[in-house]
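**Q** this is a predicted model, with the sequence first.
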Amino acid sequence: MRYDRNMSLSRRDLLRLSGLSLGAGALPVLGQTAKQIPKRPLGKTGWNASIYAVGTAEIPGAEETVIALDQLIDAGVNYIDTAPSYMETRSEQAIGRVMKRRRKEVFLATKTLARDADGAYREVRESLDRLQTDRIDLLQVHAVNDAGTLDAVLKKGGAAEGLERAKKEGLIRFIGITGHTRPEVILDALKRYPFASILVPVSALDKHISDFNDEVIPYARKQSVAVVGMKSLKGMERASGGSFDPEPLLRYAWSQPIDCLTIGLRRGHEVGKNLEYARAYLKMADTEMRRLEAEVKAQADTGHLWWKKR
């Protein structure tokens, strides 16, 4: 479903009433053409994903989130990632308000922290209710960061079994896995189970500590597993106190062999700039990537990349 002119104007009225600011680059003026966001095949799912995917771990208020998601979908962003654990389910609830109207326009991904079959299946059912949809595109086993957790997920009665039940019933389409800390665990996961996707950190800082791009991403590419990047800005945000230029870090991540990159939706005013970066994306040359890696090496430690702590 697309908004007509009257609905778009209402959304702008709501922005004024709520005191939010779109910023100059947030949305093209109605009727104005804009460069399209590049898209890439999302593994073997059959979906062409926008390189800019929405991450929703740190959403603003519900109204601001709804407005921002509508803006992003209008602009061509077609991948939304969430989890029941994000903002104590408020992330899924806010997304559900948009999915009720625009479900067919996006690839919808959520997660489960359950490690057992019953718990994972129950979380799927609960997520469906909050997201106001009858089917989730991708259900990811979340934060598999050690071998013991992977074993628990894959054993008889583990989370994978519950997700397979949900898939058989048509509640989800694909099963994926996420990992933050140990590339070797995700590599083992891909060799032991036919996961359709991985969600892993990809950044110029992560290059220096347990880089998933060394073995995991190349292996996933050979298996046509969808590769979604995350945390391209997080390390530098902590290292700089928030004062840095995100563009080269985003372009670096998009230049890796990934299908799309989740960028956090923390404030509505960030939407415009992120859309500009995605529309203007040009692959970064190898020499420029090596230079950026060298520039940020001093910040590449587990204090700034807290997800790499073992």
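**A** It's in.

**Q** now stretch 129-140: mean pLDDT?
**A** Per-residue pLDDT over stretch 129-140 has a mean of 98.

**Q** what's around residue 201, how many residues?
**A** Residue 201 has 26 neighbours, counted by other C-beta atoms under 10 Å. For the C-beta atoms, the positions are set from N, CA and C on the backbone; glycine is no exception.

**Q** quick check: it touching residue 229?
**A** Yes. The pair formed by residue 201 and residue 229 meets the contact definition of C-beta atoms under 8 Å, at 7.3 Å.

**Q** just the element for the spatially most central residue of the chain, please.
**A** What sits nearest the mean C-alpha location of the chain, by C-alpha atoms, centre = their mean, is residue 262, with 3.3 Å. Following DSSP states H and E, the helix or strand that holds residue 262 is strand 260-264.

**Q** what about that strand, distance to the chain center?
**A** For strand 260-264, the separation from the chain centroid amounts to 4 Å (computed by C-alpha atoms, centre = their mean, to the nearest Å).

**Q** now stretch 205-221
**A** Between the centre of stretch 205-221 and the centre of its host chain there is 17 Å, according to C-alpha atoms, centre = their mean.

**Q** mean confidence score for it?
**A** 98.

**Q** what lies in contact with that stretch?
**A** Residues from elsewhere that reach stretch 205-221, judged by C-beta atoms under 8 Å, 6 or more residues apart in numbering: 179, 181-184, 186-187, 190, 198, 200-202, 226-227, 231, 235-236, 239, 256-258, 293, 296-297, 299-302, 304-305, 308.

**Q** buried stuff in that stretch?
**A** Residues of stretch 205-221 classed as buried: 205-213, 216-217, 219-220 (neighbour count, 16 or more other C-beta atoms under 10 Å).

**Q** circling back to that earlier point, same for the following helix or strand past the strand holding residue 262, what does it pack against?
**A** Counting by DSSP H and E, the next helix or strand C-terminal to strand 260-264 is helix 270-279. Contacts defined by 3 or more C-beta pairs under 8 Å, 6 or more residues apart in numbering; DSSP states H and E place helix 270-279 against strand 52-55, helix 62-74, helix 246-254.

**Q** mean confidence score for the longest one?
**A** Spelled out, it's helix 62-74. 97.

**Q** tell me what angle it forms with strand 260-264.
**A** Interaxial angle, helix 62-74 versus strand 260-264 (axes from the mean of the first three to the mean of the last three C-alpha atoms, to 10 degrees): 150 degrees.

**Q** may I see the buried residues of helix 62-74?
**A** Buried residues in helix 62-74, counting neighbours by 16+ other C-beta under 10 Å, are found at 63-74.

**Q** and the angle for it with helix 270-279?
**A** Using the same axes, to 10 degrees: helix 62-74 against helix 270-279 is 20 degrees.

**Q** what about the helix or strand just after helix 62-74, distance to the chain center?
**A** Downstream of helix 62-74, the next assigned helix or strand under DSSP H and E is strand 79-81. Remark: strand 79-81 is offset 5 Å from the chain centroid, using C-alpha atoms, centre = their mean.

**Q** quick one: strands adjacent to strand 79-81?
**A** If you go by DSSP bridges, strand 79-81 pairs up with strand 52-55 (parallel), strand 107-112 (parallel).
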